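Peer 1: Give me coordinates for this.
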Amino acid sequence: MNGVEHTRRTNDIGDFLRARRGRVAPESVGLPGGPRRRVRGLRREELAQLAGISVDYYVRLEQGRATQPSPDVLDALARALGLDTAERRHLATLTATDRGPAPTPRVSPLLRRILDSVADGFPAFATDHRLDVVAWNSLGAELLGGLGDPARRDRNNARFLFLDPASKDTHPDWTDRAAETVGQLRVSAGRYPDDRQLAGLIAELTDRSAEFRAIWDSGEVVMCAAGRKRLWHPRTGLLTLDFETLHVPAAPGETGLVVHVFGAEEGTEAAAALDRIAAEDLAGRRA
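Peer 2: Down below sits the predicted model:
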């Protein structure tokens, strides 16, 4: 590891720990709060005490002078900071010595066939670790603001969300989507610290979007999951859809992809709306 890589890695660890201890209200862990406190959240010595480690060791860890904490120390810090599963994994990734090189995304012919095969009422698309949309079916392209036409929207979901005003129409719950997007990029940045394209994307968004900067500074960490999202389409209006994320394993030297599949319960207005969009899209392609 050269000097630049070491500095970036240790800055990642320190930045994450500082952001997380700043999030913990002292009162929530039995410590006195009040207006006299000069720092937001926990002081370094308070976190060290809660985690059962020395203040000196914690300071060295946050400053990047101790870079290989034991699993027991990581568990203790995670408990003291109230980290969720995604945040615990991210902290472990940041302190690992074998973080991988920048991988190459690849969409196999089989994955493309799978996406096309679920097109009947199920919008779907695949993203890489940089949130580039690398594959989609026709319904997914239409639902997500026109993925099939690069002139209509950027195919990187983060750029679209933070740099294109149209994203706030497509995503009525834009604030939630923004936090989710930044959290996913932070996980990728921790996993692939040598990915120059990813670093360039984060630098671009930091420079051009105050909203991105604010969320990034909060230390948000998010893993792709499942649930329900609201999307707006100009022909059908507001849609409330269920979604699942399916992880496609990576071959050596490649990055795994995440397939996002949306759907609605049969017989609902949302399901009927998806059918109308699909039918109109098909008619348009045949015309």
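
Peer 1: Which residue ranges of the stretch 101-250 of the chain form strands?
Peer 2: 104-105, 124-127, 133-136, 227-233, 237-248 (DSSP state E, counting those that start in this stretch).

Peer 1: Of all the ones you listed, which one is nearest Arg23?
Peer 2: Arg23 lies closest to strand 227-233 among the strands of the stretch 101-250 of the chain, at 22.6 Å (Cβ to Cβ). (C-beta placed from N, C-alpha, C; glycine too.)

Peer 1: in its sheet, what does the closest one sit against?
Peer 2: Take DSSP bridges as the rule and strand 227-233 pairs in its sheet with strand 237-248 (antiparallel).

Peer 1: Any buried residues in the strand it pairs with, and which?
Peer 2: Going by neighbour count (16 or more other Cβ atoms under 10 Å), the buried part of strand 237-248 is Leu239, Leu241, Phe243, Val248.

Peer 1: Just the closest of those residues to Gln49, please.
Peer 2: Nearest to Gln49 among the buried residues of strand 237-248, with distances taken as Cβ to Cβ, is Phe243, at 41.8 Å.

Peer 1: nearest residue to that closest one other than its sequence neighbours?
Peer 2: The shortest distance from Phe243 to any non-neighbouring residue, by Cβ to Cβ, 6 or more residues apart in numbering, is to Phe262 (4.8 Å).

Peer 1: Backbone torsions only: list them for that neighbour.
Peer 2: Dihedral pair for Phe262: phi -110, psi 150, per degrees, to the nearest 10.

Peer 1: Tell me if I'm right that it and Phe125 touch.
Peer 2: No: applying Cβ atoms under 8 Å as the test, Phe262 and Phe125 come out as separate, 9.1 Å apart.

Peer 1: where do the contact lists of these two overlap?
Peer 2: Listed contacts common to Phe262 and Phe125 are Gly140; contacts here mean Cβ atoms under 8 Å, 6 or more residues apart in numbering.

Peer 1: And the residue nearest the centre of this structure?
Peer 2: Of all residues in the chain, the one closest to the mean position by Cα atoms, centre = their mean is Gln184, 1.3 Å from it.

Peer 1: how many neighbours does the closest residue to that residue other than its chain neighbours have?
Peer 2: Using Cβ to Cβ, 6+ apart and skipping the chain neighbours, the partner closest in space to Gln184 is Val222 (5.4 Å). Using other Cβ atoms under 10 Å, Val222 is surrounded by 18 other residues.

Peer 1: what's the spacing between Val222 and Asp132?
Peer 2: As judged by Cβ to Cβ, to the nearest Å, Val222 and Asp132 stand 17 Å apart.

Peer 1: Check Pro103 too.
Peer 2: For Pro103 relative to Asp132 (Cβ to Cβ), the value is 12 Å.

Peer 1: what are the ranges of the helices in the stretch 151-287 of the chain?
Peer 2: For the stretch 151-287 of the chain, the helices defined by DSSP state H, counting those that start in this stretch occupy 157-163, 167-170, 174-191, 196-208, 210-217, 269-286.

Peer 1: Let me have those in CSV, adding distance to Arg43 as columns.
Peer 2: Formatted as CSV, the helices of the stretch 151-287 of the chain follow (distance: least, Cβ to Cβ, whole Å):
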stretch, distance to Arg43
helix 157-163, 33
helix 167-170, 38
helix 174-191, 24
helix 196-208, 28
helix 210-217, 19
helix 269-286, 49
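
Peer 1: Out of those, indicate the one that is most buried.
Peer 2: When the helices of the stretch 151-287 of the chain are scored by mean count of other Cβ atoms under 10 Å, the highest mean neighbour count falls to helix 157-163 (a mean of 22).

Peer 1: Please list the residues outside it that contact it.
Peer 2: 127, 130-133, 145, 153-154, 166-167, 171, 174, 177-178, 181-182, 185, 201, 204-205, 208-209, 211-212.
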